[in-house]
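**Student:** Need a 3D model of the sequence below.
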Amino acid sequence: LKQVFNKDKTFRPKRKFEPGTQRFELHKRAQASLNSGVDLKAAVQLPSGEDQNDWVAVHVVDFFNRINLIYGTICEFCTERTCPVMSGGPKYEYRWQDDLKYKKPTALPAPQYMNLLMDWIEVQINNEDIFPTSVGKCKQE
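**Tutor:** Model (predicted):
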């Protein structure tokens, strides 16, 4: 298990909500509803009086944290040798493009693709213009 939870490889610490903030309270409410056996449709409904952008931000960060944990448990089984292509089955191949280092869609081994993807998502989540930590200040699209 040491390799699975090697933070220098792919495992990232959870993005946390500051205790005492409204986002922390929304996170607790979301966790409680998901753990109570309530149907998912009701669990993700916007609570009365809450800002929709804040509610969505809480769920996006929680989703990222959960996916990160799942990926951390399987990444040792998918190496550049065993997973030379990032694919979604035999019909779909995913290619990486970030307009910085990879200006054109580029085929990459699955672990490299996933590391770039998780890094990119983490940058987005930590971007105050997209996910501000001040409640009620989410960018409106």
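**Student:** Strands of this structure, residue ranges please.
**Tutor:** Under the criterion DSSP state E, strands of the chain are mapped to 95-96, 106-107.
**Student:** Generate a markdown table for those strands, with mean pLDDT as supplementary columns.
**Tutor:** Shown next, in a markdown table, are the strands of the chain (pLDDT from 0 to 100):
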| stretch | mean pLDDT |
| --- | --- |
| strand 95-96 | 97 |
| strand 106-107 | 96 |
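**Student:** helices and strands of the chain: which one has the lowest mean pLDDT?
**Tutor:** Lowest by mean pLDDT, DSSP states H and E among the helices and strands of the chain is helix 22-35, with a mean of 69.
**Student:** circling back to that earlier point, tell me the most buried of the strands of the chain?
**Tutor:** Most buried of the strands of the chain, by mean neighbour count (mean count of other CB atoms under 10 Å): strand 95-96, with a mean of 16. Placement of C-beta: from N, CA and C, glycine included.
**Student:** Any chance you could list what contacts that strand?
**Tutor:** 86, 102, 105-108, 112-113, 116-117 (CB atoms under 8 Å, 6 or more residues apart in numbering).
**Student:** okay if I get those as JSON lines plus distance to S48?
**Tutor:** As requested, the contacts of strand 95-96 are exported to JSON lines (distance: CB to CB, whole Å):
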{"residue": "M86", "distance to S48": "42"}
{"residue": "Y102", "distance to S48": "44"}
{"residue": "P105", "distance to S48": "44"}
{"residue": "T106", "distance to S48": "46"}
{"residue": "A107", "distance to S48": "48"}
{"residue": "L108", "distance to S48": "45"}
{"residue": "Q112", "distance to S48": "45"}
{"residue": "Y113", "distance to S48": "41"}
{"residue": "L116", "distance to S48": "40"}
{"residue": "L117", "distance to S48": "35"}
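**Student:** Let's see which of those end up in helices.
**Tutor:** The helices, defined by DSSP state H, take in 112-113, 116-117 from these.
**Student:** rewinding a little: tell me which of the strands of the chain sits nearest to F64.
**Tutor:** Across the strands of the chain, F64 has its closest neighbour in strand 95-96 (18.1 Å, CB to CB).
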